[in-house]
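1. Sequence and predicted structure are below.
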Amino acid sequence: ISVSDKINLLKFVTKNEVKLVVVGPEIPLMEGVSDMFQEEGIFCFGPTAKAALLESSKAFSKDFMTKYNIPTARYKNFKDSNEAKDFIEKIDYPVVVKASGLAAGKGVIIPSTKEETLQAITDIMDKKIFGSAGDEIVIEEFLVGEEVSVLAFCDGKTAFCMPGAQDHKRALDGDQGLNTGGMGAYAPAPCLTPNLAKKCHAICQKTVEAMDLEDSKFVGILFA
């Protein structure tokens, strides 16, 4: 059964008397599979379509973090490629260009020059190299340093963090090439010191509490 075939998924779950459904993939969450199971009275561990916007829309998540004073890099969202290019001509700091929608972890281009940045905007928004995921983009300040991923179990009120993990995003040696979906993942990541782990937990907890304030409880795995 396809993960997007909600009708047959519901039939299977009902026929087999499944008591708990755990949803991992992002696309069915975005399409509301968790909402469907909850409406049918079936326990489902996975955010609703509204709550899943944290992952399915980078533009939404950036605006959300800004609204609730959750740490994030400088950014600006665009739905028009010409406006995005005009913005690039006015700034003097390095950026990354991100397709706002889901692109299997590959919707980010890290340009090294202004010309490459402008080309990235053209490729994502006009040439649609990431499909409809690139209808809106986020131009975000490029931050230098090690990256760590922290996933947290969330029940709508509380976040419980797993150990930090790292993977290698760029396709080539020396942090060169396009972003992949992530390779060579390992945990725990040494760069996540106890002090940083506390800060990460505070961010995850604040995110869950803020989503509750948005009348959109986050139940599932939060990817920070």
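-> Cool, got the structure.
2. Could you check how many residues crowd around the nearest residue to V3 once chain neighbours are set aside?
-> Leaving aside its chain neighbours, V3 sits nearest to P28 (4.6 Å; criterion: CB to CB, 6 or more residues apart in numbering). C-beta coordinates here come from the backbone N, C-alpha and C atoms, glycine included. Per other CB atoms under 10 Å, the neighbour tally for P28 reads 21.
3. Wait, P28 touches S4, no?
-> Yes - counting by CB atoms under 8 Å, P28 does reach S4; the two are 5.7 Å apart.
4. Just the helices from the chain, written as ranges.
-> Ranges of helices within the chain are 6-15, 26-30, 33-39, 53-56, 58-67, 81-90, 114-121, 194-213, based on DSSP state H.
5. Columns mean pLDDT and distance to L178 on top of the ones you listed, output as CSV?
-> CSV is the format used below for the helices of the chain (pLDDT from 0 to 100; distance: least, CB to CB, whole Å):
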stretch, mean pLDDT, distance to L178
helix 6-15, 96, 33
helix 26-30, 92, 20
helix 33-39, 96, 30
helix 53-56, 93, 21
helix 58-67, 97, 17
helix 81-90, 97, 19
helix 114-121, 96, 10
helix 194-213, 97, 27
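6. And those helices: which comes nearest D173?
-> When the helices of the chain are compared for distance to D173 using CB to CB, the nearest one is helix 114-121, at 19.2 Å.
7. same for that closest one, what does it pack against?
-> Applying 3 or more CB pairs under 8 Å, 6 or more residues apart in numbering; DSSP states H and E, we find helix 114-121 packed against helix 81-90, strand 95-99.
8. Find the one among those with the highest mean neighbour count.
-> For the helices and strands packed on helix 114-121, the largest average neighbour count (mean count of other CB atoms under 10 Å) is found in strand 95-99, namely a mean of 25.
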